[in-house]
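Novice: Need the 3D shape of this:
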Amino acid sequence: MKISRLTDIIDDWVRWMKSDSHKLGYPNKVNYIVSGGNSSNVFDDMVRTSDKKNVKTMDAIIGSLPLEQRQAIFARYLGEKKPMYFEMKFDLAMDNLLTIASRRIDA
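Specialist: Got it, this is the predicted structure:
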């Protein structure tokens with residue numbers, strides 16, 4: 001995985017973390033019923049589903065990082081308080097994210 005793809009997924013994760021959603025994860029509509037069988041949106045729906053899966057995987061990966069690395073990610077992307085030696089911990093966190101995400105996310 002390239003760092004640009006990782007940052008794209010992290011950007012999606014940031015939007016997901018900042019969204020206020022209290023839904024249970026069920027879709028608002030079922031595409032094949034609403035569209036009457038029209039498959040013009042099927043590709044877009046597949047991309048959205050894949051992106052959502054990647055965001056949830058990224059959330060799990062970030063959650064598995066050591067506490068100070070997780071704090072550095074939260075500080076950089078969500079505006080939380082920076083841990084001591086922020087730059088070093090952020091670099092370690094990004095390196096770990098790149099390594100783990102390369103194995104767990106098909107990019």
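
Novice: State the pLDDT value of D44.
Specialist: Predicted confidence (pLDDT) for D44: 82.

Novice: same question, the one 5 residues further on
Specialist: T49 is assigned a predicted lDDT (pLDDT) of 85.

Novice: Any idea how many residues pack against it?
Specialist: A total of 11 residues lie near T49 under the criterion other Cβ atoms under 10 Å. Where you see a C-beta, it was placed from the backbone N, CA and C, and this is true even at glycine.

Novice: phi, psi of it?
Specialist: phi -60, psi -40 (degrees, to the nearest 10).

Novice: Then L65?
Specialist: The phi and psi values for L65, taken as degrees, to the nearest 10, are phi -70, psi 160.

Novice: Wait, it touches A93, no?
Specialist: Yes - L65 is within contact range of A93, at 5.7 Å (criterion: Cβ atoms under 8 Å).

Novice: Show me whatever sits in contact with both of the two.
Specialist: Here L65 and A93 have I73 as joint contacts, going by Cβ atoms under 8 Å, 6 or more residues apart in numbering.

Novice: more crowded one of those two?
Specialist: A direct count of neighbours by other Cβ under 10 Å for L65 and A93 places A93 higher, at 21 against 18.

Novice: For burial, what's the neighbour tally of I62?
Specialist: Neighbours of I62 (other Cβ under 10 Å): 21.

Novice: let me fix that: V42
Specialist: V42 has 12 neighbouring residues, counting by other Cβ under 10 Å.

Novice: Relative to T49, how far out is it?
Specialist: With distances taken as Cβ to Cβ, to the nearest Å, V42 is found 10 Å from T49.

Novice: which residues of this structure fall in helices?
Specialist: Along the chain, the segments classed as helices by DSSP state H run 3-18, 31-34, 42-64, 67-78, 86-104.

Novice: What does M84 show for phi and psi?
Specialist: Here M84 shows phi and psi, under degrees, to the nearest 10, equal to phi -60, psi 140.

Novice: Which residues are in contact with it?
Specialist: Contact analysis of M84 by Cβ under 8 Å, 6+ apart lists E68.

Novice: ok, 10 Å please
Specialist: M84 is in contact with E68, Q71, counting by Cβ atoms under 10 Å, 6 or more residues apart in numbering.
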